[in-house]
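**Student:** using only what follows, build the 3D model:
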Amino acid sequence: MAAAHVPAGTAFSTQPATALSMTEQAMGAWRAFGWVAADRIYDVGDVGMALRRAGRGCVPGVNATHCFGSWHGKPAVAGTAEEIGKDLDPAAWRRLPAGLGTEGERLHDWAYLELTELKADEFRSGAKGL
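**Tutor:** Residues are numbered from 1 along each chain as shown. I've put the predicted structure just below:
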């Protein structure tokens with residue numbers, strides 16, 4: 001760590017622990033945000049739960065072979081992300097930028113599909129709605 005000029009007293013931290021710390025710092029900052037895009041591993045752990053408790057969403061990035069199934073109260077869907085995506089109405093898709101790369105904006109195709117309803121008060125006392 002010294003060779004990498006890491007400050008003395010800095011302890012080891014896993015990527016999920018570092019992501020949780022960064023998320024908590026961002027939620028405490030003055031600048032508001034409604035959601036976070038992250039790798040799937042962060043959505044199912046402490047980071048995803050912290051975001052839900054704060055009333056913010058997490059959009060997990062997954063590969064085409066990741067399997068999903070809807071929970072109660074939603075349209076029945078099941079299968080891989082690719083299979084579900086192919087069955088969506090073409091009008092459901094939006095091409096949006098995901099930041100600048102070395103050759104300009106990195107555009108990705110996005111579609112929103114709600115797989116479940118979660119009650120807000122399950123994650124933050126006094127919160128209302130789904």
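**Student:** surely residue 20 forms part of a helix?
**Tutor:** Yes. The assignment for residue 20 (DSSP: H, G, I helix; E, B strand; the rest coil) places it in a helix.
**Student:** who's in contact with it?
**Tutor:** The neighbours of residue 20, taking Cβ atoms under 8 Å, 6 or more residues apart in numbering as the test, are 46, 47, 50. Any C-beta I mention is one placed from the backbone N, CA and C, and that applies to glycine too.
**Student:** so how far is residue 53 from it?
**Tutor:** 12 Å (Cβ to Cβ, to the nearest Å).
**Student:** next: residue 69.
**Tutor:** Taking Cβ to Cβ, one finds residue 69 at 24 Å from residue 53.
**Student:** can you check residue 68 too?
**Tutor:** Residue 68 is 23 Å from residue 53, by Cβ to Cβ.
**Student:** could you list the single helix or strand in the protein with the lowest mean pLDDT?
**Tutor:** helix 40-43 (a mean of 69; mean pLDDT, DSSP states H and E).
**Student:** packing partners for the helix or strand just after that one?
**Tutor:** Using DSSP states H and E, the helix or strand that follows helix 40-43 in sequence is helix 46-53. Using 3 or more Cβ pairs under 8 Å, 6 or more residues apart in numbering; DSSP states H and E, the elements in contact with helix 46-53 are helix 15-28, strand 35-39, strand 57-61.
**Student:** what subset of the contacts of residue 20 is buried?
**Tutor:** 47, 50 (16 or more other Cβ atoms under 10 Å).
**Student:** including pLDDT, could the contacts of residue 20 go into TSV?
**Tutor:** Formatted as TSV, these follow (pLDDT from 0 to 100):
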residue	pLDDT
46	82
47	82
50	81
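**Student:** checking residue 65 next. Helix, strand or coil?
**Tutor:** Per three-state DSSP, residue 65 ends up coil.
**Student:** same question, residue 110
**Tutor:** Following three-state DSSP, we place residue 110 in the strand state.
**Student:** ok, now which ones touch the residue lying closest to residue 63 once chain neighbours are set aside?
**Tutor:** Leaving aside its chain neighbours, residue 63 sits nearest to residue 81 (7.2 Å; criterion: Cβ to Cβ, 6 or more residues apart in numbering). By Cβ under 8 Å, 6+ apart, the contact set of residue 81 is 62, 63, 64, 65, 66, 67, 68.
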